[in-house]
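**Student:** sequence plus the predicted model coming up.
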Amino acid sequence: TSVHWHGLILPSEMHRVPGLSFPGIRPGQTFEYRFPVRQHGTFWYHS
């Protein structure tokens, strides 16, 4: 799994696609998304 962001401008390493640009976050694993938010607005995300 991963988190998919809508409308945010992110560093490329934070906007990854499971099976395409990385293997995904497997059960029992963790991944911490850390990035500066440099824009104002309301945005949504999903996993």
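**Tutor:** Sure thing, it's come through.

**Student:** tell me the helix or strand right after the helix or strand bottoming out on mean pLDDT in the chain.
**Tutor:** Lowest on mean pLDDT, DSSP states H and E among the helices and strands of the chain sits strand 4-6, with a mean of 86. Next in sequence after strand 4-6, counting helices and strands by DSSP states H and E, comes strand 44-46.

**Student:** how about low-confidence regions in this structure?
**Tutor:** When residues are selected by pLDDT under 70, those of the chain lie in 19, 21.

**Student:** pairing partners for the least confident helix or strand of the chain, with directions?
**Tutor:** When pairs are called by DSSP bridges, strand 4-6 turns out to pair with strand 44-46 (antiparallel).

**Student:** list the buried residues in the strand it pairs with.
**Tutor:** Within strand 44-46, no residue is scored as buried using 16 or more other Cβ atoms under 10 Å. Every residue, glycine included, has its C-beta placed from N, CA and C.

**Student:** how far does that strand sit from the chain's center?
**Tutor:** Its chain's C-alpha centre and that of strand 44-46 lie 9 Å apart, by Cα atoms, centre = their mean, to the nearest Å.
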